[in-house]
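S.K.: predicted coordinates and the sequence they were generated for:
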Amino acid sequence: MGLLALTAGYLGGCRAPSRAQDGLVVSESVEDASGLVELEGVSYEDAFVAARAVLAEFRFGINRVDAARGVLTSYPKRSAGLASPWDGEQSSIGQEFEDLTNQQERTIHIEFERGEQGDADASAGGVVARVRVIVNRVHRPNWRVDTQSILLSTHARSRDAMGNLERSEFREPIGQDPALADRLARAIINRLGA
């Protein structure tokens, strides 16, 4: 009976937190973990070009550029945390350690909206941009570790219901990184000189 109570108490702590935890926000709400950029007197095109330049400056590969819909996304970027001090995605030593011990990727998603005066013909009506940084953890299940040499380790492959080989890795979104989103938002503002 005591073991059951101990196990129940331990498993109660496995729930994902909804508050900020070492710079990482685990929340379903987009508003909680986004860097907001409000620019008056800046054209939509200039803001879009500045955001692309900031992503390149932070060494994120650009995945989707859709100026008509106001969306700019990056490819997932991996980092080894403390083992790669030249990567500047992490905002705290805790994030550095997390990225060292777990294979994590960050993806940038920026949404642009034209200001109230800004329509397709206006050149400088104002722009609002929302920067989100999604953190995904990469899992590689079925790793068979060899006891004599790590180089002899293999991965098991299983088949799905249709008989096709399943993927050897999958990604799980674990939260958002508001500290990096704020740094990106500030960098966009600084690049525009606003």
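M.R.: Yep, it's here.
S.K.: partners of the longest strand along the chain in the sheet?
M.R.: Longest strand in the chain by number of residues, with DSSP state E as the criterion: strand 127-139. Taking DSSP bridges as the criterion, strand 127-139 forms sheet pairs with strand 34-39 (antiparallel), strand 104-114 (antiparallel), strand 170-176 (antiparallel).
S.K.: can you name every helix or strand that the next helix or strand after it contacts?
M.R.: Using DSSP states H and E, the helix or strand that directly follows strand 127-139 along the chain is strand 143-144. For strand 143-144, the contact count by 3 or more C-beta pairs under 8 Å, 6 or more residues apart in numbering; DSSP states H and E identifies strand 154-155 as packing neighbours. All C-beta spots, glycine's among them, are computed from the backbone N, C-alpha and C.
S.K.: which of the strands paired with strand 127-139 has the lowest average pLDDT?
M.R.: Per-stretch mean pLDDT for the strands paired with strand 127-139 is lowest at strand 34-39 (a mean of 78).
S.K.: among the strands paired with strand 127-139, which comes closest to L72?
M.R.: strand 104-114 (4.4 Å; C-beta to C-beta).
S.K.: in that closest one, what counts as buried?
M.R.: In terms of neighbour count (16 or more other C-beta atoms under 10 Å), strand 104-114 has its buried residues at 104-112, 114.
S.K.: closest to L192 out of those residues?
M.R.: Nearest member of the buried residues of strand 104-114 to L192, counting by C-beta to C-beta, is F112, at 12.8 Å.
S.K.: against S168, how distant is that closest one?
M.R.: 36 Å (C-beta to C-beta, to the nearest Å).
S.K.: ok, back up a step: got the strands paired with strand 127-139 as a markdown table, with distance to G94 columns?
M.R.: Converted to a markdown table, the strands paired with strand 127-139 look like this (distance: least, C-beta to C-beta, whole Å):
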| stretch | distance to G94 |
| --- | --- |
| strand 34-39 | 20 |
| strand 104-114 | 12 |
| strand 170-176 | 13 |
